[in-house]
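Participant: this one's sequence-less:
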Ligand SMILES: [Mg+2]
């Protein structure tokens, strides 16, 4: 994003005209019975139950407008909310979005944000069903995601049992690698830097896991060890990961890690925000899922090859 972007600002265009531009020409999915234009949207809930999750992004805290384009921010805001819907075994159907930004923000940036949101939502067959636009001292984006279980039971964090297999869908360590590259001003490793500004959750794999008998599941938002720690706590079990399962990831990250003087294992086990899905299965996991460890008896803990992981424990919201 260029700070000196030409063009009209949000204040000059005005709230209602901006919203008109944001919603014009969008094609709502079947799940949205009534989209923007009225006081509330109406969503179909085929299952009869509605899956809901909400997540907020604040400029400077969750994204930086000198690293991410508004389009990237839109994709990330939808991706991280969709991953939470996936993580219970559901399908995201619609999102509502509240966006706060300074009055002198170019209207074109709000449009690019919305385009990014729509691109990501459409990639999973969902839409943006409504929203709100307010003036705020910095960019703040609050997304509420809705999903459908299609008759499945939600997969919770509390169902892991000793003997279960731990498996992963999606990538880990990429966003953390990208973050370090951006932070060090390195204009190489575009793929990794791209993964930081716009993660790629494994859409559809939450339902695959549920159908494959997953006993517990979560998305990796804080870090693999940290998020598996939530499953371990909720289920009252231990989890032991096998580093060998990540040798390809280590190889993929080695070049960038060397470049910034980082440990690729810290990215793999401690890095968050890739929004991979991690789940436990009583049997061999379904296609698309890689075995990464075992559920153990005893105290809630997460270890790697039998040893307590000593690296970065993951993202903490109030650090
Ligand atoms: Mg989550």
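Facilitator: Right, received. Where do you want to start? On a predicted model such as this, the values are computed, not experimentally measured, just so you know.
Participant: wait, does stretch 183-203 contact the ion?
Facilitator: No: figure legend: stretch 183-203 not in contact with the ion (CB under 5 Å from the ion); closest approach 10.2 Å. C-beta coordinates here come from the backbone N, C-alpha and C atoms, glycine included.
Participant: and the residue of the stretch 151-300 of the chain found nearest the ion, its phi and psi?
Facilitator: Scanning the stretch 151-300 of the chain for proximity to the ion using CB to the ion identifies residue 219 as nearest, at 4.3 Å. Main-chain dihedrals, residue 219, degrees, to the nearest 10: phi -100, psi 160.
Participant: and it, how many neighbours?
Facilitator: The tally of other residues near residue 219 (other CB atoms under 10 Å) stands at 29.
Participant: so who does it touch?
Facilitator: 83, 84, 86, 87, 201, 227, 275, 276, 277, 278 (CB atoms under 8 Å, 6 or more residues apart in numbering).
Participant: restricted to strands, list those residues.
Facilitator: If you go by DSSP state E, the contacts of residue 219 have 277, 278 in strands.
Participant: top of the contacts of residue 219 by neighbour count?
Facilitator: residue 86 leads these on contacts (other CB under 10 Å) with 33 neighbours.
Participant: which of the helices or strands spans the residue nearest to that residue when sequence neighbours are not counted?
Facilitator: Leaving out its chain neighbours, the residue that sits closest to residue 86 by CB to CB, 6 or more residues apart in numbering is residue 206, at 3.2 Å. If you go by DSSP states H and E, residue 206 is part of helix 205-211.
Participant: what packs against that helix?
Facilitator: Judged by 3 or more CB pairs under 8 Å, 6 or more residues apart in numbering; DSSP states H and E, helix 205-211 is in contact with helix 70-86, strand 165-169, strand 216-219, strand 277-281.
Participant: residue 287: which of those is closest?
Facilitator: Of all those, it is strand 165-169 that lies closest to residue 287, at 9.9 Å by CB to CB.
Participant: give me the helices and strands touching the closest one, please.
Facilitator: helix 205-211, strand 277-281, strand 290-296.
Participant: so which of these is the most packed in?
Facilitator: strand 277-281 (a mean of 28; mean count of other CB atoms under 10 Å).
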